[in-house]
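Enquirer: Structure of the sequence below:
(3 chains)
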Amino acid sequence: MIKSTSYIAQNTFKETIRNKILYNILLVAGIALVLSISFGDLSVFSRGQVMADFGLATMSLTGLLLAVFIGVGMLGVEITTKTIYGVITKPVTRTSFILGKFFGLIATLMLNFILIAAVFFITIRVMGAGQSFTMFNAVLLLLIEMIVIVAAAIFFSSFTTPTLSAIFTLGFYIAGHLNDLVNIGAEQQNNPVWRSILKGLFYILPNLENFNIRTAVVYSLPVPSGFIAMAVLYGFLYASMLLLLSIALFSRKDL
Amino acid sequence: MIHKIYWGIAVILIAGGIYCSQTYLSKNTDPGWKTESFSYLPDNERIKDVLLGYETTVSHYLWIRSVIYFGEHYKGDKRYLWIVNMLDIITKLNPLFYPAYEFAGVLLPDITTNPDIPRILLERGLTKLNNRQWNIAFYTGMLYYQKYSDTYTAAKYFEMASRFNSPHKAKYATLAAAFYKKSGLEKDGLNFLLFMYETSDNPEVKRHLKEKIEHYVKK
Amino acid sequence: MYSIEIKNLTKIYRKGFWGIKVPAVVDVSFNVHSGYVTGFVGPNGAGKTTTIKTIMGLVYPQRGEVRVHECSIADYRARNGVAYLSEQPYFYGHLTTRESLAFASHLLNLDKKRINDEVDRVLDLVELSHKSKSKVKEMSKGMQQRLNMAQALLGKPKLMILDEPMSGMDPPGRRLFRTLFKDLAKSGITIFFSTHVLEDIESVCDRVVVLSKGKKTYDGAVNELLEKGFKGTEIELEQDPQVLTELILNAGCTVDQHSERSWIITVPPGIENAIILEMLNNNKLYPARIERRKSSMEELLYSGGGAQ
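Expert: From the prediction side, this is the model:
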């Protein structure tokens, strides 16, 4: 199973790398990043910090675009066009297929993210702003967030059409960034039933704000020890759960 | 069957891990990070252009964040570094959003050292709301009285408040008269009360104003 | 020994917003004998593709049991040594021919060192060696179908399951495939393929399974089926057999004059041709033509002529 997963991952990586649309997205991401950082130059406050934050925000949005494109486009379309037949009809489990797809997409995402991050750090440096360890941590957490988004895209693709999957993934992203309001709402509730429901929802829905330490970057605030590690762990666990659910759904799907 | 058991164990372990890690992260996240991340939003009209028609929605979202921010810092260090900026952005994005002006009138004077800040926000409210909210005029009057010790300007604002149709119309009129008197302009106060009495259609208001006028005359 | 065993297979699809049940295959049971070429025939919508997809683990049945080489299809290892050729070729467009076959070889767990040789071998078999570096998306449909066959031949499978393998092929391509099937069958590979073209059944298959509206209507040897459709022998004469007419009629045959110089004697099944031929020979009447009359395969399969 490990071998077949590895070969599927390699094939997926090759497929996404050879896709021209990916390069268009990268180009747009690069231009947007450079422009947004330059825009930060207009800030009344500390230039460097605001530029860093605008750059990170742009990376987050373009990373979302990448994650949705590769997550939905690769798996969902493969089911629709039936190229999956060439794999599933071999002595390969559906679990291997999902995992292979996931790892292949992650490899592509990491490569592209490294390129975008390189543009970010170079631009920051050229614009005269300093870099900090927190900034690297912020980029790392953005990458983890994108991994979770890819896992979500695969999850949605395992049971619905590519278009719906893209919509659900975007909804997942928005819900993930508003999830802390659910927690606050739960704590304000006097009704124990409603409180429990909201609390449950808070834990079930993703909390993508766990990967957002842009403010700490901007204000050079200390990030509590273990926070980064725990956020990374949370990201991997959540992505694992989404993959488990994807495998469970995909295993019984008629192709 | 054994496969299903393994799956079940994996799901439980991962769910438990998610719960524990999320709990840890919730406890260790500074809530101020969320609001302070908006603090350097440009405070000019340009921000509206990028919101593509969602200014009202964004203003409401920022208001929620401001309330949470205020509450957290009220319970904590009682330092509200970014509240003014937030209110400024909210009222620029959504000039008709009354609660922001009310906050500026009720709470802001006590938490800022500079009375000009709430004054600017309140005056913006008076302009943008087309004078629909009598409370803003009242709060402005109180601000002038409490922070600037300017009873005459306060009287003017109370007078403005009393000109709106509100349940407190008569009381605002009385207050205006009282502050005119404090400013040494008792006659102006009395003339104002007489004007309000003559122009009012509300019998209850008329009755109240009549009592006050008689009180002034007796004096 | 059976390569495929299907027992009481039922597959029901749910269609539309309300999930209306549409039965595709209902209580179908048959076995595919090892080492034989078995055809799988039926009109459109009979359930052939659904049955094949169930065997390959692409769809899940509501009821029934399917085993391949005595291994349940629920286990992915049932697909070891099994090659599948889909009706349409589905390849990753970004790969070249060689890369596609190499990828398939990896998934089949072939020895890494042998993969290149194996790819060359199958490309030779389907006459696509000259296209090994071409991207799949740049190839014609017929070539892609040949590539499809090439990937099915990788690793010398014990069982080949093909869903309309000659669909969209030109006549030379069809002849190539038929020859290939016969050669593969001689080497001991079990072949199970679905087709609309009945000529393929007659020319290639040892056995045939017939489906109609999701139910099995025939399962047996092709020659037995053809025997069932035997309608007798026609003997054409260019001379009037009037001296023998009574004898021929007494023997249970019929005599008809078709034209001025053509008389047809029909010998029904059950009567030896030799008796009639000897009779004619003794009277110096020599046949211009002798032909076995039989029902067409279409008549046999679809008109209830072959139903069990």
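Enquirer: which helix is the longest one in the chain?
Expert: I'll assume chain A. When chain A is parsed with DSSP state H, its longest helix is helix A:94-126.
Enquirer: was after chain B, sorry
Expert: helix B:2-28.
Enquirer: near chain A, which residues of the stretch 1-150 of chain C show up?
Expert: C:13, C:53, C:56-60, C:76-80, C:84, C:86, C:88, C:90-92, C:94-95, C:100, C:103-104, C:106-109 (C-beta under 8 Å from any C-beta of the partner chain). C-beta: built from backbone N, CA, C; applies to glycine.
Enquirer: Need the buried ones from the residues you listed selected in ChimeraX.
Expert: Selection command for ChimeraX covering only the buried members of those, criterion 16 or more other C-beta atoms under 10 Å in any protein chain shown:
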select /C:53,56,57,58,59,76,78,79,80,84,86,90,91,92,94,95,100,103,104,106,107,108
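Enquirer: Quick check: buried residues in stretch A:158-168?
Expert: A:158, A:159, A:160, A:162, A:165, A:166, A:168.
Enquirer: The helix or strand following the longest helix of chain A - contacts with which helices or strands?
Expert: Next helix or strand after helix A:94-126 toward the C-terminus (DSSP states H and E): helix A:133-157. Contacts defined by 3 or more C-beta pairs under 8 Å, 6 or more residues apart in numbering or on different chains; DSSP states H and E place helix A:133-157 against helix A:47-71, helix A:94-126, helix A:162-188, helix A:214-218, helix A:227-251.
Enquirer: what about residue B:138, how many residues close to it?
Expert: 24 (other C-beta atoms under 10 Å in any protein chain shown).
Enquirer: For the stretch 51-200 of chain A, what lies in contact range of chain B?
Expert: A:53, A:180, A:181, A:183, A:184.
Enquirer: any idea which of those residues has the most stuff around it?
Expert: residue A:53 (24 neighbours).
Enquirer: what's the weakest-modelled helix or strand in the chain?
Expert: Since you didn't name a chain, this refers to chain A. Lowest by mean pLDDT, DSSP states H and E among the helices and strands of chain A is helix A:214-218, with a mean of 74.
Enquirer: Oops, wrong one, chain B.
Expert: Per-SSE averages on chain B (mean pLDDT, DSSP H and E): minimum helix B:31-36, a mean of 56.
Enquirer: And residue A:217, how close does it get to chain C?
Expert: Separation of residue A:217 from chain C (C-beta to the nearest C-beta, to the nearest Å): 38 Å.
Enquirer: What's the local residue count around that residue?
Expert: With other C-beta under 10 Å as criterion, residue A:217 counts 25.
Enquirer: Identify the residues contacting it.
Expert: A:49, A:52, A:53, A:56, A:132, A:134, A:135, A:138 (C-beta atoms under 8 Å, 6 or more residues apart in numbering or on different chains).
Enquirer: How about the least confident helix or strand of chain A, which residues are buried there?
Expert: So for helix A:214-218, counting by 16+ other C-beta under 10 Å, buried means A:214, A:215, A:216, A:217, A:218.
Enquirer: Out of those residues, the closest to chain B would be?
Expert: Among the buried residues of helix A:214-218, residue A:215 lies closest to chain B (C-beta to the nearest C-beta), at 4.1 Å.
Enquirer: Tell me where the model's unsure across chain B.
Expert: For chain B, the stretches with pLDDT under 70 are B:30-46, B:49, B:130-132, B:219.
Enquirer: Good, we can wrap up now.
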